[in-house]
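A.B. asks: 3D, please:
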Amino acid sequence: PNGKTDRKALPAPDYAGQTSGRKPRTRDEAVMCALFAEVLGVEEVGADDDFFEAGGDSVMAMQLAARARRAGLVMTSRQVFEQGTPERLARLVAPAGGEAAPGAEDAAVGEIAPTPAMRALGEHAPGADLAQWVAVATPAGLTWE
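C.D. replies: Modelled structure (predicted):
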């Protein structure tokens, strides 16, 4: 009645038929395939399947990177965009705590352009002295060693 699409009336997308079905060849490929399937909410993902063609989006890419870290593999959501498949990502991931894979450096470090909200604040916007950080709680008995 209001001219908008009734999203609840639409059928759920079925991405299951869009998978290649190629089985993973390495342990890292198998982990990536399992993580893809978990994040995408599908039963199985082939090693050649593209994350975004299978229904992934930018938020899911961040979830995939976070779950990969919990599984012991270091990668970034940017690498999901650039590589797209479990096979290609498996070649780039590094074991957590090991040497970082090329391109896995923290992209959230450095200067950024002012956001629209900062521009709207004009001279009252925070300048170069603005910093963000994270506090981490540690056990009471933790020592430097």
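A.B. asks: check what pLDDT the most centrally placed residue in the chain gets.
C.D. replies: Nearest to the mean C-alpha position of the chain, by C-alpha atoms, centre = their mean, lies M62 at 2.5 Å. In this prediction, M62 carries a pLDDT score of 91.
A.B. asks: does it touch R78 like I think?
C.D. replies: No: using C-beta atoms under 8 Å, M62 makes no contact with R78, being 9.9 Å away. Backbone N, C-alpha and C define where each C-beta goes, glycine included.
A.B. asks: now do the same contact list for the residue nearest to the centre of the chain.
C.D. replies: M62 is in contact with S77, counting by C-beta atoms under 8 Å, 6 or more residues apart in numbering.
A.B. asks: now stretch 42-56: buried residues?
C.D. replies: V42, V45, G46, A47, D48, D49, D50, F51, A54, G55, G56 (16 or more other C-beta atoms under 10 Å).
A.B. asks: widest-spaced pair of those residues?
C.D. replies: Of all pairs drawn from these, the one with the longest distance (C-beta to C-beta) is A47 and G55, at 17.0 Å.
A.B. asks: out of the buried residues of stretch 42-56, who's nearest E82?
C.D. replies: Among the buried residues of stretch 42-56, F51 lies closest to E82 (C-beta to C-beta), at 10.8 Å.
A.B. asks: please pull up the helix or strand immediately following the helix or strand hosting M60.
C.D. replies: For M60, the element it lies in under DSSP states H and E is helix 58-70. Next along the chain after helix 58-70, taking DSSP H and E as the criterion, comes strand 73-74.
A.B. asks: so what strands line up beside that next one?
C.D. replies: Here strand 73-74 is paired, per DSSP bridges, with strand 94-95 (antiparallel).
A.B. asks: for the following helix or strand past the partner strand, list the C-alpha coordinates in PDB.
C.D. replies: Going down the chain from strand 94-95, the next helix or strand is helix 116-121, by DSSP H and E. Provided in PDB are the C-alpha atoms of helix 116-121 (Å, rounded to 0.1, in the frame of the first residue of the first chain):
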ATOM      1  CA  PRO A 116      31.200  14.400   7.200                       C
ATOM      2  CA  ALA A 117      30.400  14.900  10.900                       C
ATOM      3  CA  MET A 118      33.900  16.300  11.500                       C
ATOM      4  CA  ARG A 119      33.600  18.600   8.600                       C
ATOM      5  CA  ALA A 120      30.200  19.800   9.900                       C
ATOM      6  CA  LEU A 121      31.800  20.700  13.200                       C
END
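A.B. asks: fine by me, we can end here.
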